[in-house]
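Trainee: Would you be able to build a 3D model of this:
(2 chains)
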Amino acid sequence: MIYRETGNFVTNYLKDRDIFSMTFDKVVVILGLLYLFLWVPTTSEYFLSAHVIPILAVGLATVGLNILTGLTGQLSLGTAGFMCVGAFGTYNLMLRVPDGLMSLPVALLLSGIAAGFVGVVFGLPAIRIKGFYLLVSTLAAQYFVWWFFNSYAWFLNYESSGVVAIAPKFYDYWGLGNLLGVDMQGYPARYLLALTICIGLSYFAKNLLRSNTGRNFMSVRDRDIAASVMGISVPRAKLLAFFISCFYCGVAGGIYSFLYIGNVDLMIYGVDRSFTILFMLIIGGLGSISGSWLGAIFVYEFPIIFTFIGDFIFQGAFNTAVVENVSNMVYGIFIIALLIREPGGFAALWGTTKQKLRMWPYPH
Amino acid sequence: MGFDFVYLIEVVVGGLLSGVMYSLVAIGFVLIYKSSGIFNFAQGTMLLFASLTFVKMTENGIGFWTALFIASGIMVIVGVATEKFVMRPLANQDLLALFMATVGLATFQEGFAQFMWDSDVHGLQMNKFIDISLLDSNPIFISDYIPWLDLLIPRFDIFASLVAGTLIVVLAFFFQKTNTGMALRAVSDDHMAAMAVGIPLQKVWAIVWAVTGIIALVSGLLWAERVSVSFTLIEAVMKALPVILIGGLTSIPGAIIGGLVIGVGEKLGEIYLADLFGGQGIELWFAYFMALMFLVVRPQGMFGEKLIERV
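Mentor: Residues are numbered from 1 along each chain as shown, chains lettered A, B, ... in the order given. Okay, here's the model as predicted:
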């Protein structure tokens, strides 16, 4: 009975374009933001470090992939490669720029831009290659980037183990921590930085979706020839989509390495991660920003919760390999079932739920 | 330092032979894409499942031919079940959704294969089962060294390509000469027209998936001989991807030639270009790079259907 449009009158054009048109939605969003910014940082370090921050990182990458695949229709399996560029870029910016000039947020942004340009280079073939054939370009990006950082030890500062831990001084933020008396390397501070970036970029993505550029992207996705006939520059739209998408992935990679695991490690940016992020996108629903986040939460938490429940019921009667295999099976079945029942993913499910709520209790 | 011509030939032959292995995996892909437009990512886990099934049976004392027979039977069942429970309900959906469904299927099979059997690494020695002493009596194939050509070529590779060649010939015969094959070609040409003349579409799809299952078994065994039966078999898919894309997604000859091209190119690149890039391991991305260059020139691949686009 609460979820109603009744009483929400649109009185000017600006109001007509609100992201959240209902008062109820607005209240929920504001309460949600308050919860995320004020309450979540005070929860346990473990919860932040093992659940929330990684979800923020991969979710941001999912949003990025969404711009490329969901919005512009260019299938990509190079997401982890672009994340890798972001992570290594951030590390090298922090390491090589003299102390005091560079700060983590700036480095994240700059390495995101670097990842964007790498994306544009590997996106160039998209002007000619279409559909599944484009997989070859993004996979080339994935493998090439991986090989590149593996071969040139300079980028890891000649660390022989292949993993470099991030020095505490990188979390300095121009001495902001000392000024406020806050431990900037602690998880609450890391979380707040990641959250701010993620909310800002999600908001940008949401607005991109509703802008002229976003509509150009969508017309390229739906029918590129028709789009070009209408005067949209298809190559420009595709390359711009690659840039923005890879920018997001690069920032996400920086967040993943710097704010989550705390070291730069090549191994975690393999092609299987690209697949995981594609899963998040598909399960969440193509073309929906909130869907991407839901998908990221689901895919990330699924194995954890599954293992937890399995342990709880069987009390460790099975070894971890069995649990992992069964988890894979259930997960695979779930994906197929979801695609059969609701190919639009969580976003579509949410859409129908919302419609039902509005109509309730009279479904017609 | 003179240019070692014999070495070059050895490299090329080695590349061709490993290319045959890529082609085999690629053919499984192409068959399904051609007939139903599905980009079947689960091909790699089908390889794993098939070879695991086979290896576990032989480890439990079942003879080679019996095991091969039972494993093919199981793969046919797996293929048909996949068509019935996964692909049929998803018919007429978005291509991307179908692709993701096969990735989901791959996840499922990965868990299922290792759950049913185990996730250990199994060695697979074909020469335990197949008497290659026949080859010994042949003066050409006494060892890996072929004297009259002055070349060093692994005998197993030759054996593998013979098997692959036989399989390809059998498939070609099946497609060209039998009624079922004709139905398959009709379906891949035009679903609607095939249905209109009374070809049972779903039966044809089931057959395609079954055939793919058997191809997965054969290619799985050949790959397993090289890289052992384990999780790594799944990566065969990643090796086959540039092959099918270069060959054009819809063409079986394309898959074969694409495999050979990639096989040779990869080996040549590793040996003659690796120095340029100051490191090893360029075969990791070189195949993709080659495919990319090729596709930029010819976006539909070697023998792919030329896209005629209208609004």
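Trainee: C-alpha from now on. contacts and neighbour counts both.
Mentor: Fine.
Trainee: which bits of the stretch 101-250 of chain A sit near chain B?
Mentor: A:125, A:128-130, A:133, A:136-137, A:139-140, A:143-144, A:147, A:151, A:223, A:225-226 (CA under 8 Å from any CA of the partner chain).
Trainee: can you rerun that using 7 Å?
Mentor: Residues of the stretch 101-250 of chain A lying close to chain B (CA under 7 Å from any CA of the partner chain) are A:125, A:128-129, A:133, A:136-137, A:140, A:143-144, A:151, A:225-226.
Trainee: If any of these are buried, give me the ChimeraX selection for them.
Mentor: A single ChimeraX command is used to select the members of these judged buried by 16 or more other CA atoms under 10 Å in any protein chain shown:
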select /A:125,128,129,133,136,137,140,143,144,151,225
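Trainee: What average pLDDT does stretch B:122-139 get?
Mentor: Averaged across stretch B:122-139, the pLDDT comes to 55.
Trainee: so can I have a markdown table of the residues of the stretch 101-250 of chain A next to chain B showing pLDDT?
Mentor: Output for these, formatted as a markdown table (pLDDT from 0 to 100):
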| residue | pLDDT |
| --- | --- |
| A:Pro125 | 91 |
| A:Arg128 | 87 |
| A:Ile129 | 86 |
| A:Tyr133 | 84 |
| A:Val136 | 88 |
| A:Ser137 | 91 |
| A:Ala140 | 91 |
| A:Tyr143 | 90 |
| A:Phe144 | 90 |
| A:Ser151 | 83 |
| A:Ile225 | 90 |
| A:Ala226 | 91 |
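Trainee: which two from the residues of the stretch 101-250 of chain A next to chain B end up farthest apart in space?
Mentor: The two members of those with the most space between them (CA to CA) are A:Ser151 and A:Ala226, at 43.7 Å.
Trainee: circling back: narrow the residues of the stretch 101-250 of chain A next to chain B to those in strands?
Mentor: If you go by DSSP state E, those have nothing in strands.
Trainee: Show me the shaky parts of the stretch 201-311 of chain B.
Mentor: B:228-229, B:278-280, B:307, B:310-311 (pLDDT under 70).
Trainee: Residue 281 - how many residues pack around it?
Mentor: Picked chain A for this. Around A:Leu281 there are 32 other residues, counting by other CA atoms under 10 Å in any protein chain shown.
Trainee: Actually, chain B is the one I wanted.
Mentor: Number of residues near B:Gly281 (other CA under 10 Å) recorded here: 14.
Trainee: Show me where the stretch 101-250 of chain A has its helices.
Mentor: A:104-123, A:135-151, A:176-180, A:187-209, A:212-222, A:224-229, A:234-254 (DSSP state H, counting those that start in this stretch).
Trainee: most packed of those helices?
Mentor: helix A:234-254 (a mean of 28; mean count of other CA atoms under 10 Å in any protein chain shown).
Trainee: what's next to that one, contact-wise?
Mentor: By CA atoms under 7 Å, 6 or more residues apart in numbering or on different chains, the surrounding residues in contact with helix A:234-254 are A:57-58, A:60-61, A:64-65, A:67-68, A:72, A:79, A:82-87, A:90, A:108-109, A:111-113, A:115-117, A:119-120, A:123-124, A:127, A:216-217, A:220, A:224, A:228.
Trainee: how does it look with 6 Å?
Mentor: A:57, A:60-61, A:64-65, A:67-68, A:82-84, A:86-87, A:90, A:108, A:112-113, A:115-116, A:119-120, A:127, A:217, A:228 (CA atoms under 6 Å, 6 or more residues apart in numbering or on different chains).
Trainee: Write out the residues of the stretch 251-364 of chain A neighbouring chain B.
Mentor: With CA under 6 Å from any CA of the partner chain as the criterion, the stretch 251-364 of chain A meets chain B at residues A:325-326, A:328-329, A:332, A:335-336, A:340.
Trainee: Pick out the shakiest of the helices of the stretch 101-250 of chain A, pLDDT-wise.
Mentor: Minimum mean pLDDT among the helices of the stretch 101-250 of chain A: helix A:176-180, a mean of 72.
Trainee: Please, where are all the helices along the stretch 251-364 of chain A?
Mentor: Under the criterion DSSP H, counting those that start in this stretch, the stretch 251-364 of chain A carries helices at the ranges A:271-284, A:289-314, A:320-341, A:345-359.
Trainee: Give me the buried positions along the last one.
Mentor: Of the residues in helix A:345-359, those scored as buried under the neighbour-count criterion (16+ other CA under 10 Å) are A:345-349, A:357-358.
Trainee: quick one, what contacts A:Ala165?
Mentor: A:Asn263.
Trainee: can you pull up the bridge partners for it?
Mentor: As for beta bridges, A:Ala165 partners with A:Asn263 under DSSP bridges.
Trainee: Tell me the pLDDT of it.
Mentor: Looking at A:Ala165, the pLDDT reads 82.
Trainee: Perfect, I'm done here.
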